[in-house]
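A.B. asks: Sharing a model prediction with you, sequence too.
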Amino acid sequence: MKHKVLFYEELQDKIKCKLCPHNCIIGDNKFGICKVRTNSDNELFAVNYGEVTSIAIDPIEKKPLYHFKPSKNILSIGSFGCNMTCSFCQNYEISQNKPKTQYISIEELIKTIQTLENNVGIAFTYNEPFMWYEYMYDTAKKIKEYNKNIDVVIVTNGYINEEPLIKILPFVDAMNIDLKGYTNRYYNKICGAKLEPVLKTIKKCNEYCHVEITTLLVNDENDSLEETSQIAQFISDVNKDIPLHLSRYFPRYKMQNEATEIEKIIKAREEAKKYLNNVYIGNVQGVDNNTYCKKCGKLLIKRDGYITEVYIKNNKCSKCGEELNIII
Ligand code: SF4
């Protein structure tokens, strides 16, 4: 559905979109880089408002969020469009193309959430949620007016300008933000973006809600120990307790490098653990992804694939009383 959007400026015969750091200048009947925001008679519209390409009930661990409502499910929903062009995109069918959609109203979504068991709320995910800004904002706000205990989660590349980010954050409970690498070379060449705005987003979100970070380690591109170390040090300066998910890359879409060696990912985790309290591995079976108390080593959360057992009461370690950064 076509819907008038927020955050733009009218120029002489063009429009400047101010939602994300691309700040596209868009001529009449043209689209921005995201392919969802368009200039029509000198007004800016999103063409994907309420248009859903994917909807599913996922374990929250799949987002991935490991320290937020562990073992619960979350209704996960996505549209189409993205402001990055990652060569390895796992969801390129919906991020770079316009597939078939179904319109779902906000009222329908809220009704659905209420009928689901073991479900904590809604996650905006699959494509880039900020390219669905107005629908996501309207939904998050209405959900919180209706029942503030329903959680709102965003899984994002973090490429958003500060003004729209600050507007939506009061309605958001948790985010997983990709930090795709730690060089502009990588962000430019592989993702069609810049590093600095993502770092700013991470810092800002940490002031408002629960944050976890994901880095896909791509063979021979961003998987040096030095780069992992820089990523971990940056996160540690923001908040040492932010969980970092180091995920294994497999060939996909335009990127044909071989899959990243598991040994490299294990070494990267050891490196990141020098700076961070919680570092997990994604897309690799048979590794220890449990959570242990950082003070006494007690097992707090046991994970086997998406089967999760939680051994926490009152957000404290039951053995040594250490305060935990886990929202249950
Ligand atoms: S949201 Fe889309 S149109 Fe707006 S600046 Fe970003 S890429 Fe360009």
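C.D. replies: Arrived safely. Every value quoted in this text rests on a predicted model; they were computed, and no experiment measured them.
A.B. asks: For the ligand, what's the nearest residue on the chain?
C.D. replies: In the chain, the residue that lies nearest the ligand is residue 32 (2.0 Å; C-beta to the nearest ligand atom). Yep, even glycine has a C-beta here, placed from its N, CA and C like the rest.
A.B. asks: I'd guessed that residue sits against residue 18; true?
C.D. replies: No - contact criterion C-beta atoms under 8 Å: residue 32 and residue 18 do not qualify, at 10.8 Å.
A.B. asks: Which one of the two is surrounded by more residues?
C.D. replies: When neighbours are counted by other C-beta atoms under 10 Å, residue 32 and residue 18 differ, and residue 32 comes out ahead with 25 against 18.
A.B. asks: show me what contacts the more buried one?
C.D. replies: 17, 22, 24, 26, 38, 83 (C-beta atoms under 8 Å, 6 or more residues apart in numbering).
A.B. asks: Could you pull up the mean pLDDT of stretch 294-309?
C.D. replies: On average, the pLDDT along stretch 294-309 is 94.
A.B. asks: same question but for stretch 24-35, I mixed them up
C.D. replies: Per-residue pLDDT values across stretch 24-35 average out to 96.
A.B. asks: residues of that stretch that come out buried?
C.D. replies: 24, 26, 31-35 (16 or more other C-beta atoms under 10 Å).
A.B. asks: now stretch 118-138
C.D. replies: Judged by neighbour count (16+ other C-beta under 10 Å), stretch 118-138 contains these buried residues: 119-137.
A.B. asks: what's the model's confidence in that stretch, averaged?
C.D. replies: 97.
A.B. asks: Could you tell me the end-to-end distance of that stretch?
C.D. replies: End-to-end span of stretch 118-138 (C-alpha to C-alpha, to the nearest Å): 24 Å.
A.B. asks: anything in the lowest-mean-pLDDT helix or strand in the chain near the ligand?
C.D. replies: Of all helical and strand segments in the chain, the minimum by mean pLDDT, DSSP states H and E falls on helix 92-95, at a mean of 82. No - using C-beta under 6 Å from any ligand atom, helix 92-95 never reaches the ligand; the gap is at least 12.1 Å.
A.B. asks: contacts for that helix?
C.D. replies: Taking C-beta under 8 Å, 6+ apart as the rule, helix 92-95 contacts 53-54, 78-82, 84, 89, 99, 126-128, 252-253.
A.B. asks: out of the residues you listed, which are buried?
C.D. replies: Burial of those was assessed by neighbour count (16+ other C-beta under 10 Å); the buried members are 53-54, 78-82, 84, 89, 126-128, 253.
A.B. asks: Redo the residues you listed as CSV? Include distance to residue 11 and secondary structure.
C.D. replies: CSV is the format used below for the buried ones among the contacts of helix 92-95 (distance: C-beta to C-beta, whole Å; DSSP: H, G, I helix; E, B strand; the rest coil):
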residue, distance to residue 11, secondary structure
53, 32, coil
54, 35, strand
78, 31, strand
79, 27, coil
80, 27, coil
81, 23, coil
82, 25, coil
84, 25, coil
89, 31, coil
126, 33, coil
127, 28, coil
128, 25, coil
253, 34, coil
